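Chemist: this is the structure alone, sequence omitted:
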């Protein structure tokens, strides 16, 4: 299933979701649900996961990554992830306590790209998570290269 990720930059730092349980950082976002556009999914997942509200009209597609990996059952998993640079409103809304991010010990933070990449390289989670973190680190490198960070 395709998903979206938000790239939000502020003063040389980037918004990332920290997974305290497995100790890694990833861009906020999630799956694109049936009937949603990429932009509506971006706004919805960002709000649900972090309480941040996308400022309408600020979304710019940064790129798309297609990953292929082997599933635990031996099949092939294809993952399509769309990255969008966007701005957010200067306020947050409450995140539901019973939402998935709360259960997974996830929290929003603004972190330097170097710190996020270093922590991600040391993560010893599942093969699928390590693959995802490799992609997230590559996107961080590209953002630095392109002058966003």
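Modeler: Received the coordinates, thanks. Please read all numbers here as calculations on a predicted model, not as lab measurements.

Chemist: and the residue nearest the centre of the protein?
Modeler: To find the centre residue of the chain, average its C-alpha atoms and take the closest one (Cα atoms, centre = their mean): that gives residue 27, at 2.2 Å.

Chemist: these two touch, right, that one and residue 136?
Modeler: Yes. Because the distance of 6.1 Å satisfies Cβ atoms under 8 Å, residue 27 is recorded as touching residue 136. Every C-beta, even on glycine, is put in place using the N, C-alpha and C of the backbone.

Chemist: worst-scoring helix or strand of the chain, pLDDT-wise?
Modeler: The helix or strand of the chain with the poorest confidence is helix 100-103; it has a mean of 53 (mean pLDDT, DSSP states H and E).

Chemist: just give the number of residues close to residue 142.
Modeler: Residues contacting residue 142 under the criterion other Cβ atoms under 10 Å number 15.

Chemist: hmm, I typed the wrong one, I wanted residue 38.
Modeler: Residue 38 has 16 neighbours, counted by other Cβ under 10 Å.

Chemist: for residue 148, same thing?
Modeler: Using other Cβ under 10 Å, residue 148 is surrounded by 15 other residues.

Chemist: and residue 85, by the same measure?
Modeler: 17.

Chemist: which residues does it form beta bridges with?
Modeler: The residues listed as beta-bridge partners of residue 85 by DSSP bridges are residue 7, residue 60.

Chemist: pretty sure it sits against residue 62.
Modeler: Yes. The pair formed by residue 85 and residue 62 meets the contact definition of Cβ under 8 Å, at 5.1 Å.

Chemist: list residues touching both of the two?
Modeler: Residues touching both residue 85 and residue 62 (Cβ atoms under 8 Å, 6 or more residues apart in numbering): residue 7.

Chemist: check contacts around the closest residue to residue 106 other than its chain neighbours.
Modeler: Of all residues not flanking residue 106 in the chain, residue 17 sits nearest, at 5.1 Å (Cβ to Cβ, 6 or more residues apart in numbering). Applying Cβ under 8 Å, 6+ apart, one finds that residue 17 lies in contact with 25, 26, 27, 28, 49, 50, 101, 106, 107, 108, 109.

Chemist: could you check which helix or strand contains residue 17?
Modeler: Secondary-structure assignment from DSSP states H and E places residue 17 in strand 13-19.

Chemist: appreciated, that's everything.
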